[in-house]
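Undergrad: model the structure of this input:
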Amino acid sequence: MTTTDDHYGRLEAAPDGNDWQLVFTRRFDHPREKVWRALTEPADVSAWFPADIVGDRAEGASLRFVFRHGEGPEIPGELRIFDPVDVLEFSWGEEVMRFELQAVDGGARTELRFVNTFVDIGKAARDAAGWHTCLDILLAHLDGTEPPQDGWREVHPGYVERFPTEAATIGPPGGHS
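TA: Coordinates of the predicted model:
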């Protein structure tokens, strides 16, 4: 897969002035309803998201993020916004994940805006490469094609290059060194 500059996420200061945000915008050749299912239905989520999301799909519900292969400890969370086909937002430990969907081209396509809000800037390049890869796998899942084999290694150097030096002080996750 070739990654273009507009395919990369951006690192921005969060509106609160204390946190950081990774912001990704992707377009999918699928209607919002299909993309929404891929974001919320357990069988679809397991195809692209790094952990199983256990809990009710209702605002205020407690969530647990369980890694399928023991890559890390279980992470607690809460479903903060569940507005079908428009917005999904949840906490993932101390971080916040927000997915906004907008219909484009008369509803035939969907624009996804994904925002990951977090505190420690040192992990920005590492996590940006991870979320970039997850979104590439989401696209492959939606398209019914083979996902990239190790997209993280392919895109991580681009994030190290694009982001400030302090955004790449925390090394790669296990299995990506």
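Undergrad: from here on, contacts and neighbour counts on C-alpha atoms
TA: Noted.
Undergrad: elements contacting the helix or strand containing V160?
TA: V160 belongs to helix 151-162 when elements are defined using DSSP states H and E. For helix 151-162, the packing partners by 3 or more Cα pairs under 8 Å, 6 or more residues apart in numbering; DSSP states H and E come out as helix 124-143.
Undergrad: separation between the residue of the chain positioned farthest from its centre and H30?
TA: The C-alpha centroid of the chain is most remote from G106, which lies 25.2 Å away (Cα atoms, centre = their mean). Here G106 is placed at a distance of 11 Å from H30 (Cα to Cα, to the nearest Å).
Undergrad: swap in A58?
TA: 24 Å.
Undergrad: between those two, which has more neighbouring residues?
TA: Between A58 and H30, H30 has the larger neighbour count (other Cα atoms under 10 Å), namely 18 against 13.
Undergrad: quick check: the more buried one touching L112?
TA: No - at 10.9 Å, H30 and L112 do not qualify as touching, with contact defined as Cα atoms under 8 Å.
Undergrad: quick one on the thing from earlier: quick check: the residue farthest from the centre of the chain is in a helix.
TA: Yes - the assignment for G106 is a helix, going by DSSP: H, G, I helix; E, B strand; the rest coil.
Undergrad: next, count neighbours for the spatially closest residue to A14 that is not a sequence neighbour.
TA: With sequence-adjacent residues excluded and distances taken as Cα to Cα, 6 or more residues apart in numbering, A14 is closest to W20, at 4.9 Å. Residues lying near W20 (other Cα under 10 Å) number 21.
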